[in-house]
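Trainee: Sequence and predicted model, in that order:
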Amino acid sequence: QLYQQMLKQTGSKEKDEASEYVQEKLRSALWLIKSVQNRQRTIEKVSKAILRQQQEFFKKGPKFLKPMVLKDVANEIGMHESTVSRVTTNKYMHTPIGLFELKYFFGSGVGGKNGGVDVSSEVLKIKIKELVANENPAKPLSDQKIAELLSREDVKVARRTVAKYREALNILSSSKRKVKS
């Protein structure tokens, strides 16, 4: 409204300059609005693709998160991986089971080598955390023993992989977790 008032009150030369200025600002505003709408559509496409590919997770919980990489979603929605990466950074999805950063849903599989089943790194962390939580405090599980227990569930991981995830979870080594009676 301010610019419209200015246009009415100025002389012919000033009017042309002011009109051009207002038109430029209007074009910039429309470009910004269009860009925001495109970003919203892309976020929606990515979110829907995540929902389709992670149905078990949304129905049954974090233990059912499947390995999924950016390329999977990028191929499904017909966009480049870098676009999907940008769109998922610092964006969150509110679900019935909690609030999750979109990046949470992406991770390559772990434990699928040598005939094992791929699980996401988040699921592997949950499994390690559960095994440690249910261990005998007087005789805690070693990383090797945890790896063996996981292989019984067809998740074949090396001892050092267990150690890496255990450390990421801030779980002490078995010797430091041991409680003397």
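Mentor: Perfect, I can see it now.
Trainee: contacts and neighbour counts: CA atoms only from here.
Mentor: Will do.
Trainee: what about residue 20, neighbour count?
Mentor: Neighbours of residue 20 under the rule other Cα atoms under 10 Å: 12.
Trainee: Got the confidence number for it?
Mentor: As predicted, residue 20 sits at a pLDDT of 80.
Trainee: Also residue 26?
Mentor: The model's pLDDT for residue 26 equals 77.
Trainee: which non-adjacent residue is nearest residue 42?
Mentor: Nearest residue to residue 42 in three dimensions, chain neighbours excluded: residue 87, at 7.3 Å (Cα to Cα, 6 or more residues apart in numbering).
Trainee: Which strands or helices does the helix or strand harbouring that neighbour pack on?
Mentor: Residue 87 belongs to helix 81-88 when assigned by DSSP states H and E. For helix 81-88, the packing partners by 3 or more Cα pairs under 8 Å, 6 or more residues apart in numbering; DSSP states H and E come out as helix 12-53, helix 70-77.
Trainee: Give me the neighbour count for the nearest residue to residue 102 once chain neighbours are set aside.
Mentor: Distances taken as Cα to Cα, 6+ apart place residue 88 nearest to residue 102, at 5.0 Å, with adjacent residues excluded. By other Cα under 10 Å, 22 other residues sit near residue 88.
Trainee: how far away is residue 88 from residue 128?
Mentor: 27 Å (Cα to Cα, to the nearest Å).
Trainee: Confirm for me that residue 140 is in contact with residue 180.
Mentor: No - assessed by Cα atoms under 8 Å, residue 140 is found out of contact with residue 180, at 10.9 Å.
Trainee: where does the protein have low pLDDT?
Mentor: 1-15, 18, 111-117, 181 (pLDDT under 70).
Trainee: tell me the centre residue of it?
Mentor: Central residue of the chain (Cα atoms, centre = their mean): residue 103, 1.3 Å from the mean position.
Trainee: ok, now which ones touch that one?
Mentor: Applying Cα atoms under 8 Å, 6 or more residues apart in numbering to residue 103 gives the contacts 85, 88-89.
Trainee: Turn the residues you listed into TSV, columns for distance to residue 155.
Mentor: TSV is the format used below for those (distance: Cα to Cα, whole Å):
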residue	distance to residue 155
85	28
88	28
89	29
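Trainee: from the residues you listed, which is closest to residue 78?
Mentor: Checking the contacts of residue 103 against residue 78 by Cα to Cα gives residue 85 as the nearest, at 13.6 Å.
Trainee: Residue 139 and residue 95: what is the separation?
Mentor: Counting by Cα to Cα, the gap from residue 139 to residue 95 is 39 Å.
Trainee: How about residue 22?
Mentor: 43 Å.
Trainee: Looking at the two, which one has more neighbours?
Mentor: More neighbours surround residue 22 than the other of residue 22 and residue 95, with 16 against 9 (other Cα under 10 Å).
Trainee: Around residue 145, how many other residues sit close by?
Mentor: For residue 145, the neighbour count with other Cα under 10 Å is 13.
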